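> have a look at this fold, sequence not included:
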């Protein structure tokens, strides 16, 4: 797949579900980065750059142990959960009446359209 097609696909995915990575650093905390930042780091490494600016961090590239996918080997975000809305109490049965949050259902459907076929391959 070309970079242009990958870029278009990434733009169709909501920001919270786009590919994310962790920079694993020697003796420091991990830094979460985007796919674009990861690609920039890889380009800098290939070009022999010693330092790179990622957000507020200035990184010495030889201090990076690895760059790992955030959500397992296939980097698929976790499946959204459906929350329930309490509608009140059924006076006859004494049970709470509730329904699924419609926005959560729409989000889950969108997630399935984007990742459903691939999610069985995920290791998160």
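Great, that's in hand. What you see is a predicted model; the values in this text were computed from it and never measured.

> what sits against residue 57?
Residues counted as contacts of residue 57 (C-beta atoms under 8 Å, 6 or more residues apart in numbering) are residue 31. C-betas here are computed from N, CA, C, even on glycine.

> and it, how close does it get to residue 21?
Using C-beta to C-beta, to the nearest Å, we find residue 57 at a distance of 14 Å from residue 21.

> burial count for residue 77?
Using other C-beta atoms under 10 Å, the number of residues around residue 77 comes to 21.

> whoops, I mixed them up, residue 80
Residue 80, neighbours per other C-beta under 10 Å, totals 17.

> over to the one 3 residues further on?
The number of residues packed around residue 83, counting by other C-beta under 10 Å, is 10.

> you'd agree it is up against residue 101?
Yes. In this structure, residue 83 is within contact of residue 101 by C-beta atoms under 8 Å, at 4.7 Å.

> helix or strand: which one has residue 67?
In this assignment (DSSP states H and E), residue 67 forms part of strand 64-69.

> for that strand, which strands pair with it and how are they oriented?
Strand 64-69 pairs in its sheet with strand 20-25 (antiparallel), by DSSP bridges.

> need the next SSE after the strand it pairs with, C-terminal direction.
strand 31-34.

> spatially nearest residue to the residue nearest in space to the middle of the chain, not counting backbone neighbours?
Centroid-nearest residue in the chain, with C-alpha atoms, centre = their mean: residue 17, separated by 4.2 Å. Spatial nearest neighbour of residue 17, chain neighbours left out: residue 77 (4.6 Å); criterion: C-beta to C-beta, 6 or more residues apart in numbering.

> and residue 23, by the same measure?
Once flanking residues are discounted, residue 23 sits nearest to residue 31: 4.4 Å by C-beta to C-beta, 6+ apart.

> same question for residue 49.
Leaving out its chain neighbours, the residue that sits closest to residue 49 by C-beta to C-beta, 6+ apart is residue 61, at 6.4 Å.
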